[in-house]
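Peer 1: The following comprises the amino acid sequence and a computationally predicted model.
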Amino acid sequence: MLFNYICPECGKVIPADTPVWRCECGSYLDLDYMPVLDRSRLPEEKSMWRYSQVLPLENINPALSFREGYTPLVPMEFWGVPVLGKLDYLMPSGSFKDRGAALMIHKCHEMGINEIVEDSSGNSACAVAAYCARAGIRANIYMPAGNSSAKSIQARAYGATIHLIGGSRTDCANAAIEGAKKSYYAAHAYNPFFLHGTKTVIYEIAEQMGWSVPDYYFTPVGSGSQLLGVYLGLKEMLNAGIIDKMPKLMAVQSNLCAPLKEFSEGRPLSTPVSQSIAEGIAIARPVRLKQIIEAVKETGGDFVIVDDTEIVEALRLSFAQGFYIEPTSAAAVAAVKQYAGKIRQNESVVVSLTGHGLKASAKIESLV
Ligand SMILES: *Cc1c(COP(=O)(O)O)cnc(C)c1O
Ligand SMILES: [Zn+2]
């Protein structure tokens with residue numbers, strides 16, 4: 001099967017085994033691909049590869065995977081609201097980004113690429129570095145100086161070369177693009193294969209809920225790779241007749257970096273002056289901004305803004321129930337509080353627990 005990239009801006013079609021990372025017009029690319037899951041043909045395998053039928057790869061090479069995914073969906077309770085926590089912090093490198101990196105790096109390997117560049121605030125660096133280690137691909141990671149050092153240590157441990165870049169997140173992306181002139185820019189914010197990997201989380205949730213989806217889905221959003229993956233999976237399941245409605249996608253951001261809400265209300269995008277404890281969602285200019293806003297609006301969802309005090313409260317409540325997540329993930333929990341009065345008793349809520357707390361122990365130390 002051959003797949004094509006399609007540019008949502010100018011309509012250009014490019015075969016998906018071309019090593020490009022964006023369109024000539026400057027836009028990100030999407031995949032022209034709408035697979036239909038046949039539930040009667042699901043394998044025994046309880047991992048994200050259970051849904052290989054709907055993944056845009058020619059052949060799946062088990063040597064490149066960790067049999068990752070099918071993470072638990074566990075009842076929790078916050079402010080009297082029963083929720084289901086999706087424990088994606090239990091993925092091999094400690095965050096949901098493994099789902100995206102698994103697909104993206106698999107595709108790089110399939111194309112014969114032996115060196116890549118990625119820019120990351122932390123967890124995508126770890127994910128990409130882990131999969132590159134598995135695939136024998138050299139990884140160059142551009143990271144903003146000042147993020148959790150545990151994440152850069154982890155990425156380096158997998159064998160990645162880390163380039164620490166001062167200045168803004170955009171300076172970091174620009175440095176990566178410069179560095180990519182000699183290899184391939186495997187940019188999780190642009191790469192649509194990444195989204196087809198992250199979409200597996202919603203297939204799992206749907207199956208875990210008896211082939212239905214929740215009424216609300218709360219997730220922290222930076223560049224949108226999880227939210228847009230979830231949206232993609234929902235579109236596919238809707239199209240396949242597996243589900244008949246979408247959950248309200250609740251995109252959670254910090255008050256210190258809230259481009260989604262600003263843009264959706266027609267306000268100019270501000271420049272963050274200080275960083276939230278939720279470092280994983282500090283993306284001032286998400287590449288797929290418009291796409292994220294359209295997805296949230298189409299589902300009747302919302303843009304929820306939380307501050308660091310609310311995040312810390314949510315973090316403590318999560319720890320007290322035994323869930324050691326990182327502050328960025330607790331942003332999604334914090335958003336539930338604002339909605340506690342709106343969620344009706346018969347409505348179901350899933351909160352995506354995106355990243356492992358062990359990577360953020362340096363920040364957590366002062367809270368406990
Ligand atoms: C990256 C990340 C997010 C946000 O994901 P995006 O794809 O950037 O929207 C949320 N939580 C954690 C722990 C992350 O690492
Ligand atoms: Zn284009």
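Peer 2: Okay, I see it. Numbers count the residues shown, from 1 in each chain. Ligands and ions are numbered 1, 2, ... in the order given.
Peer 1: got the residues of the stretch 251-368 of the chain near ligand 1?
Peer 2: For the stretch 251-368 of the chain, the contact set with ligand 1 under Cβ under 6 Å from any ligand atom comprises 280-281, 326, 328-329, 354-355. Backbone N, C-alpha and C define where each C-beta goes, glycine included.
Peer 1: want to try JSON lines for the residues you listed, with distance to residue 155 as columns?
Peer 2: Below are those laid out as JSON lines (distance: Cβ to Cβ, whole Å):
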{"residue": "280", "distance to residue 155": "14"}
{"residue": "281", "distance to residue 155": "19"}
{"residue": "326", "distance to residue 155": "15"}
{"residue": "328", "distance to residue 155": "17"}
{"residue": "329", "distance to residue 155": "19"}
{"residue": "354", "distance to residue 155": "17"}
{"residue": "355", "distance to residue 155": "14"}
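Peer 1: Not counting its neighbours along the chain, what's nearest the residue of the stretch 251-368 of the chain found nearest ligand 2?
Peer 2: For the stretch 251-368 of the chain and ligand 2, the shortest gap (Cβ to the ion) falls at residue 287, measuring 13.3 Å. The shortest distance from residue 287 to any non-neighbouring residue, by Cβ to Cβ, 6 or more residues apart in numbering, is to residue 189 (4.5 Å).
Peer 1: neighbours around the one you found, how many?
Peer 2: Using other Cβ atoms under 10 Å, residue 189 has 21 other residues around it.
Peer 1: go on, residue 99?
Peer 2: Residue 99 sits with 28 neighbouring residues when counted by other Cβ under 10 Å.
Peer 1: Next SSE downstream of the lowest-mean-pLDDT helix or strand in the chain?
Peer 2: One helix or strand of the chain scores below all others by mean pLDDT, DSSP states H and E: helix 169-179, with a mean of 86. Moving toward the C-terminus from helix 169-179, the next helix or strand (DSSP states H and E) is strand 184-185.
Peer 1: just to revisit the earlier point, next, the contact list for the residue of the stretch 251-368 of the chain closest to ligand 2, please.
Peer 2: 28, 189-190, 223 (Cβ atoms under 8 Å, 6 or more residues apart in numbering).
Peer 1: 10 Å - rerun?
Peer 2: For residue 287, the contacting residues are 22, 27-28, 173, 187-190, 223-225, taking Cβ atoms under 10 Å, 6 or more residues apart in numbering as the criterion.
Peer 1: Lowest-confidence one in the residues you listed?
Peer 2: Taking the contacts of residue 287 together, the minimum pLDDT is found at residue 173 (83).
Peer 1: I'd like to know how far that one sits from residue 152.
Peer 2: As judged by Cβ to Cβ, to the nearest Å, residue 173 and residue 152 stand 17 Å apart.
Peer 1: For the closest residue to ligand 1 within the stretch 51-200 of the chain, grab the count of nearby residues.
Peer 2: The nearest approach of the stretch 51-200 of the chain to ligand 1 comes at residue 123, 3.2 Å away (Cβ to the nearest ligand atom). One way to gauge burial is a neighbour count; for residue 123, by other Cβ under 10 Å, it gives 32.
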